[in-house]
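K.L.:
Provide a 3D model corresponding to the input given below.
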Amino acid sequence: MLKRFFNFISSHQPSKQSNLPLVIPRDQHNISRKNISPAAIKIIKQLDDAGFKAYLVGGGVRDLLLGNHPKDFDVATSATPEEVKRIFRGARIIGRRFQIVHVRIGREIIEVTTFRGHHDEGPTTTRSDEGMLLRDNVYGSIETDAVRRDFSVNALYYTLKDFSVLDYCNGLEDLKQRTLRMIGDPATRYKEDPVRMLRAVRFAAKLGFKIEVNTAKPISEMSSLLANISEARLFEEVLKLFLSGSATATFHLMREYDLFKQLFPGSDAALKAGDSLGAALIEQSMINTDKRLRAEKTVTPAFIYAAILWPALQKEQQLLSAKIPPQAAYLQAAQNVISQQLTRTSIPKRFLIPMREIWDLQHRLPSRQGLRALRLLDHARFRAAYDFLLMREDSGEDLQGLGSWWTAFQKANDDEREQMVENLGKQNSSSKPRRRGPRKPKSDSISKTE
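P.N.:
Residues are numbered from 1 along each chain as shown. The predicted structure follows:
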């Protein structure tokens with residue numbers, strides 16, 4: 001079906017007039033209603049029944065056409081947010097810059113947006129001095145909505161009336177060419193919302209698409225505009241960047257386009273200074289995150305942040321160790337790195353505290369004498385700290401077999417654990433040089449003195 005769909009795209013050129021889209025009929029594309037969220041279908045039908053136009057739009061349509069299984073489904077409609085809220089009981093209007101509606105159907109939340117209009121069409125548009133849109137509640141038609149979207153492959157609409165797909169921005173051709181292209185002038189669109197630069201690398205990494213030349217060119221030059229975005233919003237973007245199943249590719253693209261520096265300045269400086277172990281650790285954390293997500297295992301932002309900020313922590317600790325004792329240097333370094341990071345992205349306490357505990361345990365895990373090993377084993381954050389320790393070793397850091405010892409200790413029974421700790425004590429005592437006490441005088445010498 002995909003081959004048939006792409007053959008149709010090759011034989012049909014999109015209209016140059018924005019109000020005449022390329023229409024792909026039901027028998028020429030691979031979207032099936034059984035792969036669409038029932039909640040999204042219900043919302044579209046109710047909006048249609050209420051006399052409004054409503055379409056499935058964005059990433060859901062894009063992923064369905066690629067043969068993937070979307071996690072999220074968005075709806076675009078001619079109804080205003082207030083009209084949507086009147087139709088659905090479980091609806092909530094959110095957002096300041098552009099209002100959207102979250103409609104709850106059962107346990108699922110569907111994002112419903114009103115067709116956007118051009119920025120200059122109403123008095124509700126507000127821009128910053130840098131050109132960023134601060135408020136943009138201007139509504140329009142499906143035609144204006146299409147050109148207001150970010151990338152052409154996200155400006156595709158699916159209708160339940162005849163099950164066709166509508167393309168106003170040549171998105172289907174870009175889909176076929178596996179190309180990510182900004183709608184409109186890229187530099188202007190990045191000024192309007194700098195987060196679009198992060199979205200560009202995230203979609204390119206997720207889809208395995210190349211970023212079109214003109215779309216890619218301004219990113220490095222304009223990456224500093226991310227400083228105008230709130231710390232809370234950037235934290236949410238970090239989660240999307242690294243918890244979407246393509247963290248490894250995303251990390252490489254962020255460094256390539258100088259976006260990593262804007263979000264994690266401390267670690268970026270450490271990596272650029274030649275911290276190969278730090279770079280390997282971050283990459284290993286991304287690989288492990290992608291594997292866990294594919295295996296449908298849980299992933300916590302605390303672990304991701306612990307890994308990403310580790311190079312910054314090591315660099316800062318090294319600088320401070322020349323002035324103050326090691327433990328004090330670590331504590332001060334951790335505080336400095338966190339303070340700097342909070343000026344770029346927020347880190348909620350529910351993640352910040354576990355991140356610190358993972359770091360703290362890296363300094364405690366080498367101390368295993370007496371009952372310390374058993375106490376560490378009972379620590380609530382031991383498993384995460386142990387995984388972090390193994391990751392450090394996998395990245396090339398020489399920890400003298402510490403990871404292997406803890407692996408064996410967890411598997412051992414009580415007697416074996418006791419023996420392991422005892423052997424550790426023997427190793428430590430044998431490795432220490434013997435202290436020589438004061439030389440005792442010989443007995444005959446004493447007698448002579450006396």
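
K.L.:
Strands of the stretch 101-250 of the chain, start to end?
P.N.:
Using DSSP state E, counting those that start in this stretch, the strands of the stretch 101-250 of the chain run over 108-114, 125-127, 133-136, 156-158, 165-167, 179-180, 210-211.

K.L.:
Show the end-to-end separation of stretch 168-185, please.
P.N.:
End-to-end distance for stretch 168-185: 16 Å, by C-alpha to C-alpha, to the nearest Å.

K.L.:
what do you get for stretch 142-159?
P.N.:
12 Å.

K.L.:
Show me which positions of that stretch end up buried.
P.N.:
Buried positions in stretch 142-159, judged by neighbour count with 16 or more other C-beta atoms under 10 Å: 142-159. No exception for glycine: its C-beta is placed from N, CA and C like everyone else's.

K.L.:
How many neighbouring residues does Ala269 have?
P.N.:
Here the number of neighbours of Ala269 (other C-beta atoms under 10 Å) works out to 14.

K.L.:
quick one, phi/psi of it?
P.N.:
When read as degrees, to the nearest 10, the backbone of Ala269 gives phi -60, psi -40.

K.L.:
okay but it is in contact with Leu319, surely?
P.N.:
No. In this structure Ala269 lies outside contact range of Leu319 using C-beta atoms under 8 Å: 11.6 Å.

K.L.:
need the helices for the stretch 251-400 of the chain, in chain order.
P.N.:
260-263, 265-272, 276-294, 301-321, 326-342, 349-364, 372-377, 382-394 (DSSP state H, counting those that start in this stretch).

K.L.:
Would you mark the buried spots in the fifth one?
P.N.:
Of the residues in helix 326-342, those buried under the neighbour-count criterion (16+ other C-beta under 10 Å) are 329-334, 336-338, 341.

K.L.:
Remind me what it packs against, helices and strands.
P.N.:
helix 265-272, helix 301-321, helix 349-364 (3 or more C-beta pairs under 8 Å, 6 or more residues apart in numbering; DSSP states H and E).

K.L.:
Dump those to TSV, plus mean pLDDT and distance to Arg189.
P.N.:
Output for the helices and strands packed on helix 326-342, formatted as TSV (pLDDT from 0 to 100; distance: least, C-beta to C-beta, whole Å):
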stretch	mean pLDDT	distance to Arg189
helix 265-272	98	25
helix 301-321	97	28
helix 349-364	98	31
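
K.L.:
so of these, which one's packed in deepest?
P.N.:
Comparing the helices and strands packed on helix 326-342 by mean neighbour count (mean count of other C-beta atoms under 10 Å), helix 301-321 comes out on top with a mean of 22.

K.L.:
Distance from it to the middle of the chain?
P.N.:
Distance of helix 301-321 from its chain centroid, counting by C-alpha atoms, centre = their mean, to the nearest Å, is 18 Å.

K.L.:
Stretch 229-245 now?
P.N.:
Taking C-alpha atoms, centre = their mean, one finds stretch 229-245 lying 5 Å from the centre of the chain it belongs to.

K.L.:
Could you check how far Ala334 is from Ser321?
P.N.:
For Ala334, the distance to Ser321 equals 13 Å [C-beta to C-beta, to the nearest Å].

K.L.:
I meant to write Val153 there.
P.N.:
For Val153 relative to Ser321 (C-beta to C-beta), the value is 50 Å.

K.L.:
Now name the helix or strand holding Asn68.
P.N.:
Using DSSP states H and E, Asn68 falls within no helix or strand.

K.L.:
How much space separates it from Arg89?
P.N.:
Taken as C-beta to C-beta, the span from Asn68 to Arg89 is 32 Å.

K.L.:
cool, and Ala232?
P.N.:
29 Å.

K.L.:
and these two? which has more neighbours close in?
P.N.:
Taking other C-beta under 10 Å, Ala232 and Arg89 do not tie; Ala232 has more neighbours (11 against 8).

K.L.:
residue contacts, the spatially closest residue to that one that is not a sequence neighbour?
P.N.:
Excluding the flanking residues, the one nearest Ala232 by C-beta to C-beta, 6 or more residues apart in numbering is Ser346, at 4.9 Å. Contact analysis of Ser346 by C-beta atoms under 8 Å, 6 or more residues apart in numbering lists 231-232, 234-235.

K.L.:
do that again at 10 Å, thanks
P.N.:
Ser346 sits next to 230-236, 238, 352 when contact means C-beta atoms under 10 Å, 6 or more residues apart in numbering.

K.L.:
just checking, which of these belong to helices?
P.N.:
Counted as lying in helices by DSSP state H, out of the contacts of Ser346, are 231-236, 238, 352.

K.L.:
Tell me the one of the residues you listed nearest Thr80?
P.N.:
Thr80 lies nearest to Arg233 out of those, by C-beta to C-beta, at 24.4 Å.

K.L.:
Run a quick neighbour tally on that closest one.
P.N.:
Arg233 - counted by other C-beta under 10 Å - has 14 other residues nearby.

K.L.:
surely it meets Gly95?
P.N.:
No. Using C-beta atoms under 10 Å, Arg233 makes no contact with Gly95, being 11.2 Å away.

K.L.:
Could you report the separation of Met182 from Arg196?
P.N.:
For Met182, the distance to Arg196 - C-beta to C-beta - is 7 Å.

K.L.:
ok, now which ones touch the nearest residue to Arg199 once chain neighbours are set aside?
P.N.:
Excluding its sequence neighbours, the residue lying closest to Arg199 (C-beta to C-beta, 6+ apart) is Asp150, at 6.3 Å. Neighbour list for Asp150: 58, 180-184, 186, 189-190, 192-193, 195-196, 199-200, 203, 215 [criterion: C-beta under 10 Å, 6+ apart].

K.L.:
do Met222 as well
P.N.:
Taking C-beta under 10 Å, 6+ apart, one finds 130, 186-187, 190-191, 194, 196-197, 257-258 in contact with Met222.

K.L.:
farthest-separated two in those residues?
P.N.:
Between all members of the contacts of Met222, the longest pairwise span (C-beta to C-beta) is found for Glu130 and Tyr257 and amounts to 18.8 Å.

K.L.:
Have a look at the two and say which one is more surrounded.
P.N.:
Legend: neighbour count by other C-beta under 10 Å for Glu130 and Tyr257, higher for Tyr257 (23 against 12).

K.L.:
Leaving out sequence neighbours, find the closest residue to the more buried one.
P.N.:
Counting by C-beta to C-beta, 6+ apart, the residue nearest Tyr257 is Ile219, at 4.4 Å.

K.L.:
Counting neighbours, what do you get for that neighbour?
P.N.:
23.
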